[in-house]
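[1] test case, fold it:
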Amino acid sequence: MRLTQTADQWWKNAVIYCLDVETYFDTDGDGCGDLHGVAQRIDHLADLGVTCLWLMPFYPTPDQDDGYDITDFYGIDPRLGTHGELVELIRTAQDRGMRVIADLVVNHTSDQHPWFQSARSSRDSPYRDWYVWRDDPPETSPEDVVFPDQEDSIWEYDEEAGQYYLHRFYRHQPDLNVAHPAVREEIMRVVGFWLQLGLSGFRVDAVPFLLETAGSVVGELEDPHDYLRDLSAFVRRRHSEAVLLGEVNLPYPETRRFFGDEDGDELTLCFDFILNQRLYLSLARSDPAALVSALDERPAAPKESQWGTFVRNHDELTLDKLSDAEREEVFAAFGPEEEMQLYGRGLRRRLPPMLGNDPARIRLVYSLLFSLPGTPVLFYGEEIGMGENLAAEGRHAVRTPMQWSDGPNGGFSDADPSQLPAPVVEGELGPEHVNVAAQRRDPESLLSWMQLLIRRYRESPELSWGTVEVLDHHTPGVLVHRSEHEGRTIVALHNLTDQEVEVSLSLSEPAGTRAVDLLVDGPSEVAVDEPTRLGLGPYGCRWLRVVRPGDRHLA
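    From the prediction side, this is the model:
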């Protein structure tokens, strides 16, 4: 294939890295990370191989929901920096070949937002209909409540307004009414503002909730997806290469609708929550069958769209699309204690402690992430194997300060620990044992492994652009899949068991065909023009580039 295609549609084989400015790197000693700190650490991301930086909310906020409760969609929280420093960060990232996207959180505002303060003050306020009000709200069913440990209803009575307002999330986050044309126009202005400052798109928060307009006091949208199409068209007009990465945790057929028609006229990428949850079920069972079932069921994205794959994110590891019995299997394997679980549906843990900090098993999981079809998304700290701090409340267990060194506060900040936004990880995965400085020049470190995976992934667009076929064999516990695009082929093998195994493969290749192992240093070739037996160690993995006679690809 022509590599120029991958630049035209950069998102299809990008490496996206999500970070919270507040917990990444503090340069002024106030205990809070800042935009200048992210810019100072941009070469770490460039060395890792990141091509797209995703910034979690940096807007002004009362910070009751880690920045997702916003009081000004056009502003920057003064704790984190200024518009000028954001532009400097974007410019510095672009100099390193990196695009920057940010969270677009427009399903709701903070209840401290001036819009809501005006709306609640009078029924005649021009902002009254920007929110959803009821004198007598309908009853809330348990499945409507997103945070059952904090809320028991999605309606809250406001004394000043004299009515109930809708909040799909916390009561301090009243929902915006996107059925109102003025709200939709304002969202467009917000998007246009940040694109003008240099962003290359947005991760769109809670997309299904954003489009839910049933029962609006202003009137329902005839087809809420029309609004998503309008938003997507506006983004493309303002920035032809900008993307919308959507958080859509729904079954596959419903998620597929959020891409839009075959032209991909809605979201550019959708997170694959089904594949993520089946991955953990397969790991718990040491059997790839659940993962294979997800690959079989997943509908194809439109030609210019892509699925977003991930191991962990900034929320709990939700297991809501597994059956009750399957969820209990994953809980038993990776989070048996009640304090490790959240909302009865997920785990508030990072990967290494879930896997007993087993280096081989951790490397296996990331090899799967980068070789399975989709655009991989990393959460900060994954590249070095950070753990969680269960002493932190709720989701904050996985949102701890980045571990740069073995110094005080893990090199994140010079401030007193009491000033940090979250407690530093303790124990065997704390910064004394897990940090960037110690791993940078260690060829055996997880960081080095991740750099290798990303380099090979970026060199192998067939992994994200190609068709994928799961190959039959007779070795239990092993996934073998073949990715192919325009004459380029990679065969990946992953052993999900703790036993050494051999896999017999017959690839039906012409005489003289060989395969080069991309995950080892130095020459490592096997002939694949006849049935071949390949060995895999416990939790072993191999990526084999198929080189046919006359091929000119660099293996």
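[2] ok, the most centrally placed residue in the chain - contacts?
    The centre of the chain sits closest to residue 377, judged by CA atoms, centre = their mean, with a distance of 4.7 Å. Residues touching residue 377, when contacts are defined by CB atoms under 8 Å, 6 or more residues apart in numbering, comprise 16-18, 54, 245, 271, 308-310, 313. (Glycine included, C-beta is placed from N, CA and C.)
[3] so it, which of the three states?
    When the structure is split into helix, strand and coil by DSSP: H, G, I helix; E, B strand; the rest coil, residue 377 lands in strand.
[4] report pLDDT for it.
    You'll see residue 377 listed with a pLDDT of 98.
[5] just the closest of the contacts of residue 377 to residue 123, please.
    Nearest to residue 123 among the contacts of residue 377, counting by CB to CB, is residue 245 at 37.8 Å.
[6] sec struct for the closest one, please.
    Applying three-state DSSP to residue 245 yields a three-state assignment of strand.
[7] separation between it and residue 103?
    Between residue 245 and residue 103 the distance, using CB to CB, to the nearest Å, works out to 10 Å.
[8] common neighbours of the two, please.
    When CB under 8 Å, 6+ apart defines a contact, the residues bordering residue 245 and residue 103 alike are 54, 202-203.
[9] ok, and the most crowded of those?
    By neighbour count, taken as other CB atoms under 10 Å, the most surrounded of the shared contacts of residue 245 and residue 103 turns out to be residue 202 (25 neighbours).
[10] how deep is residue 530 tucked in, by neighbour count?
    Around residue 530 there are 11 other residues, counting by other CB under 10 Å.
[11] list the contacts of it.
    Applying CB under 8 Å, 6+ apart, one finds that residue 530 lies in contact with residue 506.
[12] let the chain start at 434 from now.
    Got it, the first residue is 434 from now on, which makes the last one we talked about residue 963.
[13] run through the strands of the stretch 484-633 of the chain in chain order.
    485-488, 532-537, 566-567, 588-591, 596-599 (DSSP state E, counting those that start in this stretch).
[14] which residues are contacting the last one?
    Residues from elsewhere that reach strand 596-599 (CB under 8 Å, 6+ apart): 553, 564-570, 587-591, 607-608.
[15] and the contacts of residue 810, which is closest to residue 525?
    Of the contacts of residue 810, the one sitting nearest to residue 525 (CB to CB) turns out to be residue 450, at 14.6 Å.
[16] just to be sure, the closest one is in a strand?
    Yes. Remark: residue 450 belongs to a strand, assigned using three-state DSSP.
[17] distance of residue 510 relative to residue 453?
    As defined by CB to CB, residue 510 lies at a distance of 12 Å from residue 453.
[18] neighbour count: those two, which is higher?
    Neighbours per residue, other CB under 10 Å: of residue 510 and residue 453, the larger number sits with residue 453, 25 against 21.
[19] residues contacting the more buried one?
    For residue 453, the contacting residues are 466, 489, 499-500, 747, 813, 832, taking CB under 8 Å, 6+ apart as the criterion.
[20] most surrounded residue in those residues?
    Using other CB under 10 Å as the neighbour criterion, residue 466 leads the contacts of residue 453 with 28 neighbours.
[21] quick one: it and residue 500 touch, right?
    No. Counting by CB atoms under 8 Å, no contact exists between residue 466 and residue 500, whose distance comes to 11.6 Å.
[22] which other helices and strands contact the helix or strand encompassing residue 978?
    Element membership of residue 978 [criterion: DSSP states H and E] is strand 974-980. Contact analysis of strand 974-980 by 3 or more CB pairs under 8 Å, 6 or more residues apart in numbering; DSSP states H and E lists helix 792-804, strand 921-928, strand 947-950 as its packing neighbours.
[23] residue 527 is nearest to which of these?
    helix 792-804 (23.9 Å).
[24] so the closest one versus strand 921-928, what angle?
    Here helix 792-804 points in a direction 150 degrees away from that of strand 921-928 (axes from the mean of the first three to the mean of the last three CA atoms, to 10 degrees).
[25] can you list contacts of helix 792-804?
    The set of residues external to helix 792-804 that reach it, using CB under 8 Å, 6+ apart, is 712, 716, 724, 742-744, 784-785, 788, 809, 815, 818, 879, 882-883, 886-887, 889-890, 896, 912, 914, 916, 923, 925, 927-929, 952, 970-974, 976.
[26] same check on stretch 549-569?
    Looking at what lies outside stretch 549-569 - CB under 8 Å, 6+ apart - the contacts are 542-543, 548, 588, 591, 593-594, 596-599, 607-610, 613, 615-616, 648-651.
[27] pull that stretch out as PDB, backbone CA atoms only.
    C-alpha atoms of stretch 549-569 as PDB (Å, rounded to 0.1, in the frame of the first residue of the first chain):
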ATOM      1  CA  PHE A 549     -27.300  27.600  34.800                       C
ATOM      2  CA  GLN A 550     -27.200  30.400  37.400                       C
ATOM      3  CA  SER A 551     -29.200  32.500  35.000                       C
ATOM      4  CA  ALA A 552     -31.500  29.700  34.100                       C
ATOM      5  CA  ARG A 553     -32.500  28.900  37.700                       C
ATOM      6  CA  SER A 554     -33.100  32.600  38.600                       C
ATOM      7  CA  SER A 555     -36.200  33.000  36.500                       C
ATOM      8  CA  ARG A 556     -38.500  31.200  34.100                       C
ATOM      9  CA  ASP A 557     -38.000  34.200  31.800                       C
ATOM     10  CA  SER A 558     -34.200  33.800  31.700                       C
ATOM     11  CA  PRO A 559     -32.900  33.500  28.100                       C
ATOM     12  CA  TYR A 560     -31.000  30.400  29.400                       C
ATOM     13  CA  ARG A 561     -34.000  28.700  31.000                       C
ATOM     14  CA  ASP A 562     -34.600  26.400  28.100                       C
ATOM     15  CA  TRP A 563     -30.900  25.600  27.800                       C
ATOM     16  CA  TYR A 564     -31.600  23.000  30.500                       C
ATOM     17  CA  VAL A 565     -34.400  20.400  31.000                       C
ATOM     18  CA  TRP A 566     -36.900  21.300  33.700                       C
ATOM     19  CA  ARG A 567     -40.000  19.500  35.100                       C
ATOM     20  CA  ASP A 568     -42.600  20.400  37.600                       C
ATOM     21  CA  ASP A 569     -43.400  16.700  38.100                       C
END
